[in-house]
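J.: whatever this is, show me its structure:
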Amino acid sequence: MRAFNAAMIVVMLAPIVLVVWISFTPEAFFRVPLDSFSLRWYREALSYPDFVNAFVLSAKLAALAALMATALSFFAAYGLVRYRLAGRGFLLGFFTSPLVVPAVVFGIAMLQFVNRIGLYNDLIGLLIAHVVVVTPYAIRTLHATLQAVPEEMEWAAMVLGATRLRMLGRVTVPLAARGIVTAFLFCFLLSFSEVTMTIFMTGPALQTLPVRIYNYLTDRIDPTVAAVSSLVVLVSLCLVFLANLVGAFKRLPR
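T.: Residues are numbered from 1 along each chain as shown. Sure, this is the predicted structure:
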């Protein structure tokens, strides 16, 4: 079993390690052995305006989508957990239904939708699509988190005179903070890396970083893309480290 697990780790990490390795080659092509290292392609990537603008757009879009999805999912998950609603299973399945729709089919459907409302190649239309895509992950995370929050603590706060809104802000949200932060970071990473659906939603004037990389590879092939991908991997690792750090702080004694 240990050998199988080690083999799976190697298979999963090998492509990422190879991309990072390619990003340090000093030449326009990759060869083995790599006897010298260079930051040439990182300079190329950071000086290429299309990549920089696409990164800023992706970061802004991912932050907005993650914030909206987490906020909406919190209230939806709270209602599903705390209230004995008829059809709770159906509602949970409805909120998570985008998970079972193929990305290509969803992209075509969203393209038709935003065309009808006049938001094609518009940040608002793209934001709506990304919120729909990442919401199921936030719902699942927050649903499990809120189930672990003792309902008695909320009752005690309301018995002592707190309104439901004040109780949510002073009791429920702090107790569920770890899950909320995890849901936000998870949604951010998913939105930032989304490419299949986004291709249908964007034109030349509005391209996220994954779409920009895809279009760049259709014209040329050089290690610049490897450098950009390595930077994205670094950002992802930082966010995962932040999520683990939040969990570590929550486990510390007060």
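J.: for this structure, what's the longest helix?
T.: helix 49-82 (DSSP state H).
J.: immediately after that one, which helix or strand?
T.: helix 88-95 (DSSP states H and E).
J.: in that next one, what's buried?
T.: Using 16 or more other CB atoms under 10 Å as the test for burial, helix 88-95 gives Leu92, Phe95. (Glycine included, C-beta is placed from N, CA and C.)
J.: now do stretch 124-134
T.: So for stretch 124-134, counting by 16+ other CB under 10 Å, buried means Gly125, Leu126, Leu127, Ile128, Ala129, His130, Val131, Val132, Val133, Val134.
J.: tell me the contacts of the fifth one?
T.: The reference is to Ala129. The contact partners of Ala129, by CB atoms under 8 Å, 6 or more residues apart in numbering, come to Met110, Val114, Met197, Thr198, Met201.
J.: so which of the residues you listed comes closest to Tyr214?
T.: Of all these, Thr198 has the smallest distance to Tyr214: 9.5 Å, by CB to CB.
J.: who's in contact with that closest one?
T.: Going by CB under 8 Å, 6+ apart, the list of residues near Thr198 reads Gly107, Leu126, Ala129, His130, Thr208, Pro210, Val211.
J.: please, which helix or strand holds it?
T.: helix 196-201.
J.: now that helix: buried residues?
T.: Met197, Thr198, Ile199, Phe200, Met201.
J.: next secondary structure after that helix?
T.: Helix 196-201 is succeeded, C-terminally, by helix 209-219 (DSSP H and E).
J.: what residues does that next one touch?
T.: Counting by CB under 8 Å, 6+ apart, 50-51, 54-55, 57-58, 192-195, 198-199, 202, 207, 224-225, 228-229, 232 sit against helix 209-219.
J.: over to stretch 174-183?
T.: Contacts for stretch 174-183 (CB under 8 Å, 6+ apart): 69-70, 73-74, 137-138, 141-142, 144-146, 149-150, 153, 173, 243, 246-247, 250.
J.: and if we set it to 7 Å?
T.: 70, 73-74, 138, 141-142, 145-146, 149, 153, 173, 243, 246-247, 250 (CB atoms under 7 Å, 6 or more residues apart in numbering).
J.: any idea which of those is closest to Glu27?
T.: When the contacts of stretch 174-183 are compared against Glu27 (criterion: CB to CB), the nearest one is Ala243, at 37.1 Å.
J.: how about that closest one, what does it touch?
T.: Ala243 touches Val181, Thr182, Leu185, counting by CB under 7 Å, 6+ apart.
J.: out of those, who's the most crowded?
T.: Thr182 (21 neighbours; other CB atoms under 10 Å).
J.: quick one: mean pLDDT for the helix or strand that residue falls within?
T.: Under the criterion of DSSP H and E, Thr182 resides in helix 177-193. Helix 177-193 shows a mean pLDDT of 90.
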